[in-house]
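In: Quick one: sequence and predicted model below, then my questions.
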Amino acid sequence: MNNSEFNNYELGDIKLLSGEILLSAKLAYKTYGTLNLDKNNVILLPTFYTGTHKRNEGFFGTNRAINPEKHFIISINLFGNGLSTSPSNAEKKQWGSKFPTITLWDNIKCQHELLTKNFNIEKIALVTGWSMAGCQSYQWAAQYPDMVEAILPFCASAKTSEHNFVFLEGVKAALCADPIWNNGDYSTPPTEGLKAFGRVYAGWAFSQSFFREKKYKELGFKNVEELLIDWENDHVNNWDANNLLTKLLTWQKNDISTGPIYNNNFTEALNRIKAKAILMPCSHDLYFPPEDNEFEVKHMQNAELRKFDSIWGHCVANPGNDKNFEVALDNAINDLLK
């Protein structure tokens, strides 16, 4: 992706929650729309696991609830996604396997600096996003409760469950079994490992009923093998193995109570969220089942659960997959922005 398509915010050397130092850190971001004089039209869209700011463009438009003609949209790339500081573009001392552990706490602390120092923003009208982006919306609201007015995480959770953790161990093991990976010190991409990663991932991205009812044909695939090859190619052609593993570890460590504010008291962290919230799980999501959100909403001050029923599973939220989800999402966003 051409650097002219986004901006970089230089953070310098930053101390991470782990105690490690990330050298010459930068956040890649893109803005859409205009910040108004009152600076009260800010909507933050972090990126999801295999996404960049470009993929987030599917969640807004002039005919959508998030509208660049009304809102100032900031889309910030996760550390590890190849645009913000990642194993693939880090200082030479931290290339590949030498890259430090990054948490969502670290991401949001740096995103906060970008918003407050670069744009002088004091309030965020809404933080929303799919999957890991939704996890960041919880993190924002817990880490900076006086700054965030509303959150709408969809297909996400405030803490990665043990079952979700185990799924991630599976895709990680598939990738790392490729001898070319070489503990992260590879000179050529571990192509077979990336293919295996994609094939395992595909089985969890959609529900059992999705495959039973052959819904993959609606995506243009004649059979399951065509879908699996597409997932293989996506990971081989678009993602660096160490970048995937860095973000995977960030995902596994997702817990809004981690850090010096809540000291691992998860229910307290949920209770301290002041933002108005709508939580939107998918009924058939194998990563982030509704039960996670049902627990969360009981411990949040001002939260509503809106479960969306679909056999598309986690990928119901992928732009273009389910028009009905898009409508439900926009309705929820409009309700929060009233």
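Out: It's in.
In: Extract the residue ranges of this protein that are flagged as low pLDDT.
Out: Within the chain, the stretches with pLDDT under 70 are 1-4.
In: Thr34 versus the nearest residue to Glu149 once chain neighbours are set aside, what's the distance?
Out: Distances taken as CB to CB, 6 or more residues apart in numbering put Ala125 closest to Glu149, at 5.5 Å, once the chain neighbours are dropped. Backbone N, C-alpha and C define where each C-beta goes, glycine included. Ala125 is 14 Å from Thr34, where distance means CB to CB, to the nearest Å.
In: who's more crowded, the two?
Out: The residue with more neighbours, out of Ala125 and Thr34, is Ala125; 17 against 12, by other CB atoms under 10 Å.
In: What separation do you get for the more buried one and Ile256?
Out: Distance, Ala125 to Ile256, using CB to CB: 20 Å.
In: same question, Lys195
Out: Counting by CB to CB, the gap from Lys195 to Ile256 is 34 Å.
In: Leaving out chain neighbours, which residue sits closest to Asp309?
Out: For Asp309, the spatially nearest residue (CB to CB, 6+ apart) is Ser283, at 4.5 Å.
In: The one you found contacts Lys307, doesn't it?
Out: Yes - with contact defined as CB atoms under 8 Å, Ser283 counts as touching Lys307 (5.8 Å).
In: how about the strands in the stretch 101-250 of the chain?
Out: Along the stretch 101-250 of the chain, the segments classed as strands by DSSP state E, counting those that start in this stretch run 126-130, 150-154.
In: Give the pairing partners of the first one; include direction for each.
Out: What that stands for is strand 126-130. Sheet pairing of strand 126-130 (DSSP bridges) gives strand 42-46 (parallel), strand 150-154 (parallel).
In: Could I get the CA-only coordinates of it as PDB?
Out: Coordinates of each C-alpha in strand 126-130 appear next as PDB, following Å, rounded to 0.1, in the frame of the first residue of the first chain:
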ATOM      1  CA  LEU A 126     -18.200   6.700  19.300                       C
ATOM      2  CA  VAL A 127     -15.600   3.900  19.200                       C
ATOM      3  CA  THR A 128     -16.800   1.000  17.100                       C
ATOM      4  CA  GLY A 129     -15.400  -2.000  15.200                       C
ATOM      5  CA  TRP A 130     -15.500  -5.600  14.200                       C
END
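In: follow-up on the earlier one: of all the strands paired with strand 126-130, which lies closest to Glu294?
Out: Of all the strands paired with strand 126-130, strand 150-154 sits nearest to Glu294, with 13.6 Å by CB to CB.
In: quick one: contacts of the closest one?
Out: 125-130, 133-135, 137-138, 140-141, 273, 275-282, 308, 317, 329, 332-333, 336-337 (CB atoms under 8 Å, 6 or more residues apart in numbering).
In: among those, which are in helices?
Out: In helices, defined here by DSSP state H, the members of the contacts of strand 150-154 are Ala133, Gly134, Cys135, Ser137, Tyr138, Trp140, Ala141, Leu329, Ala332, Ile333, Leu336.
In: Output the residues you listed in a markdown table; the columns should cover distance to Gly313 and neighbour count.
Out: A markdown table is the format used below for the ones in helices among the contacts of strand 150-154 (distance: CB to CB, whole Å; neighbours: other CB atoms under 10 Å):
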| residue | distance to Gly313 | neighbour count |
| --- | --- | --- |
| Ala133 | 17 | 28 |
| Gly134 | 15 | 28 |
| Cys135 | 17 | 29 |
| Ser137 | 20 | 29 |
| Tyr138 | 21 | 30 |
| Trp140 | 25 | 28 |
| Ala141 | 25 | 30 |
| Leu329 | 16 | 25 |
| Ala332 | 19 | 20 |
| Ile333 | 22 | 23 |
| Leu336 | 24 | 20 |
